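Chemist: Coordinates for the following, if possible.
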Amino acid sequence: MQRTLSKLATRHYSTQWRSFSALHPSLKQNDLTSITLHVTNHPGSLRPVLDMFAKHRVNLTHITSQPTKSIEPNNDYAISIDFQGKPGTVGIDNLLRELEAHCASVTLATDKTVPWFPLHISDLDIAARHTLQAGTDIDADHPGFSDQVYRARRNELSEIAANYRQGQPLPHIHYSELETQTWGAVYNRIKDTWAQFACDEFNNALPMLERECGYSPTNIPQAQDISNFLKARTGFVIHPVTGYLSPRDFLNGLAFRVFFCTQYIRHHSQPLYTPEPDICHELMGHVPMFADQDFADFSHEIGLASLGVSDDEIERLAACYIFSVEFGIYLQNGQKKAFGAGMLSSFGELEYACSPMPEYRPWDPFHACKQKYPVTTYQPVYYVAESLPSQGKMREFTREMKKPFHATYNPATQTIAVDRAITIKERGAK
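Modeler: Numbering: from 1, shown residues only. Coordinates of the predicted model:
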């Protein structure tokens with residue numbers, strides 16, 4: 001059964017995980033139609049076509065043109081148009097008849113088929129269920145591998161995260177004294193390093209987080225307090241997850257201004273080491289930067305660009321994310337300052353990254369997208385921006401991506417709108 005996105009936007013959503021896209025995995029953008037028509041190349045030739053759409057009160061969502069042979073006078077131009085409405089309704093049928101009478105030809109185009117992506121914020125519950133490695137799955141070299149008490153606690157926190165549904169109050173976690181001591185060991189060790197090497201945006205946000213969310217060496221902040229704080233400042237909110245997500249799912253979340261966040265903490269025996277992102281990485285590294293509007297908008301742009309693109313494009317986009325949001329540096333008053341969460345949550349890499357030791361390259365997403373990055377050692381290469389990266393260069397990069405449509409997010413309805421007629425594959429389908 002097919003449903004339209006306009007109906008999707010007004011549908012009531014429950015907090016149960018069986019969201020709209022789950023019930024309709026081959027969802028089709030039924031309220032959009034694609035056509036290709038040919039007009040003669042002369043001044044004003046497109047005006048009558050646009051007048052016909054206006055006459056029938058049909059809204060265009062996308063239009064492109066290209067010459068069919070050459071740009072010489074009297075040669076045809078192929079005009080590709082996407083618009084709201086479907087053949088079979090009186091208004092659209094009348095429009096198509098008028099277009100056929102005026103143009104050399106009018107052809108209905110086949111909808112583009114794209115990989116699954118969330119259309120409503122509730123669909124992120126589906127993504128959150130598909131972790132690549134859950135918090136309960138730890139390797140033999142993990143410091144907590146043989147600690148059954150620690151592993152049981154990880155299981156408990158993972159179950160809490162797994163039961164969360166978008167729109168519910170975020171779970172309140174009662175962290176133990178040992179967990180709080182582990183948090184405090186990291187917080188105390190890295191705080192002086194932040195003052196020296198972190199960017200102004202990070203250091204400006206930290207006192208607010210301490211004051212409004214309870215950041216301190218003796219307290220692990222609660223996700224609900226942080227989510228409320230971020231939403232009021234930049235529109236971002238937190239969604240708990242059990243562990244690693246795929247790059248596609250994680251980036252898709254950013255399109256809704258949602259940050260997927262783990263709940264567990266590293267093992268107390270090695271508080272200054274973690275083989276995986278934990279709550280120290282999420283709350284100390286990422287959250288302060290999401291409180292900055294420019295950075296939040298930058299992350300949101302990356303998320304929108306990830307919707308419905310190929311696996312190859314996701315790989316390129318994920319590399320840009322790694323070398324900016326995770327390991328980004330910019331020049332502040334001529335000095336290298338970190339804004340990437342991977343460094344801001346690791347005093348060792350923060351000191352290393354801002355020293356003369358690694359290789360530095362100018363921030364350029366067209367180059368960063370091809371750079372390989374290790375996950376178990378410090379980065380050998382860091383990209384340095386002239387200022388905190390804005391949407392400018394990323395927009396230039398995403399314009400060059402092979403994207404099947406342009407996506408926008410409506411925060412009022414918490415839905416994604418696209419400008420092309422598409423069919424969304426079932427999740428996981430090739």
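
Chemist: I'd like the distance between the closest residue to residue 258 other than its chain neighbours and residue 251.
Modeler: Using Cβ to Cβ, 6 or more residues apart in numbering and skipping residues adjacent in sequence, the residue nearest residue 258 is residue 239, 5.1 Å away. C-beta coordinates here come from the backbone N, C-alpha and C atoms, glycine included. The gap separating residue 239 from residue 251 is 14 Å, by Cβ to Cβ, to the nearest Å.

Chemist: Give me the more crowded residue out of those two.
Modeler: Set residue 239 next to residue 251 and count neighbours by other Cβ atoms under 10 Å: residue 251 wins out with 26 against 22.

Chemist: Check what pLDDT that one gets.
Modeler: On pLDDT, residue 251 comes in at 98.

Chemist: Looks to me like it is in a helix.
Modeler: Yes. Under DSSP: H, G, I helix; E, B strand; the rest coil, residue 251 falls within a helix.

Chemist: and stretch 46-64, how far from the chain's centre?
Modeler: 33 Å (Cα atoms, centre = their mean, to the nearest Å).

Chemist: hang on, I meant stretch 374-393
Modeler: From the chain centre to the centre of stretch 374-393 is a distance of 17 Å (Cα atoms, centre = their mean).

Chemist: Quick check: end-to-end length of that stretch?
Modeler: End-to-end distance of stretch 374-393 (Cα to Cα, to the nearest Å): 24 Å.

Chemist: Give me the average confidence score over that stretch.
Modeler: 85.

Chemist: Stretch 417-430 too?
Modeler: Average pLDDT, stretch 417-430: 89.

Chemist: if we can go back for a sec, now do the helix or strand hosting the residue nearest to residue 258: everything it contacts.
Modeler: According to DSSP states H and E, residue 239 maps onto strand 237-241. For strand 237-241, contacts defined as Cβ atoms under 8 Å, 6 or more residues apart in numbering pick out 124, 128, 131, 160-161, 164, 166, 170-171, 223, 226-227, 230-231, 253, 257-263.

Chemist: then the longest helix along the chain to CSV, C-alphas only?
Modeler: As assigned by DSSP state H, the longest helix anywhere in the chain is helix 177-197. Output in CSV follows, covering the C-alpha atoms of helix 177-197 (Å, rounded to 0.1, in the frame of the first residue of the first chain):
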residue,chain,number,x,y,z
GLU,A,177,29.7,5.9,42.7
LEU,A,178,32.3,3.9,40.7
GLU,A,179,30.9,5.2,37.4
THR,A,180,30.9,8.7,38.7
GLN,A,181,34.4,8.4,39.9
THR,A,182,35.4,7.2,36.4
TRP,A,183,33.7,10.2,34.8
GLY,A,184,35.4,12.5,37.3
ALA,A,185,38.9,11.1,36.5
VAL,A,186,38.4,11.9,32.9
TYR,A,187,36.8,15.3,33.5
ASN,A,188,39.5,16.5,35.9
ARG,A,189,42.3,15.2,33.7
ILE,A,190,41.1,16.9,30.5
LYS,A,191,39.6,20.1,31.7
ASP,A,192,42.9,22.0,31.8
THR,A,193,43.6,20.7,28.4
TRP,A,194,40.4,22.2,27.1
ALA,A,195,41.4,25.6,28.3
GLN,A,196,44.6,25.4,26.3
PHE,A,197,43.6,23.6,23.1
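
Chemist: can you give me how far the helix or strand following that helix is from the chain middle?
Modeler: The helix or strand immediately downstream of helix 177-197 is helix 200-213, counting by DSSP H and E. Here the centre of helix 200-213 is set off from its chain's centre by 23 Å, with Cα atoms, centre = their mean.

Chemist: Compute the inter-axis angle for helix 200-213 and helix 177-197.
Modeler: Angle of helix 200-213 versus helix 177-197, following axes from the mean of the first three to the mean of the last three Cα atoms, to 10 degrees, is 150 degrees.

Chemist: Check which helices and strands helix 200-213 sits against.
Modeler: helix 177-197, helix 223-234, helix 287-290 (3 or more Cβ pairs under 8 Å, 6 or more residues apart in numbering; DSSP states H and E).

Chemist: neighbours of residue 231, just the number please.
Modeler: Count around residue 231 with other Cβ under 10 Å applied: 13.

Chemist: so what's the spatially closest residue to it that is not a sequence neighbour bridging to?
Modeler: Closest residue in space to residue 231, ignoring its immediate chain neighbours: residue 237 at 5.2 Å, by Cβ to Cβ, 6+ apart. Note on residue 237: beta-bridge partners by DSSP bridges are residue 258.
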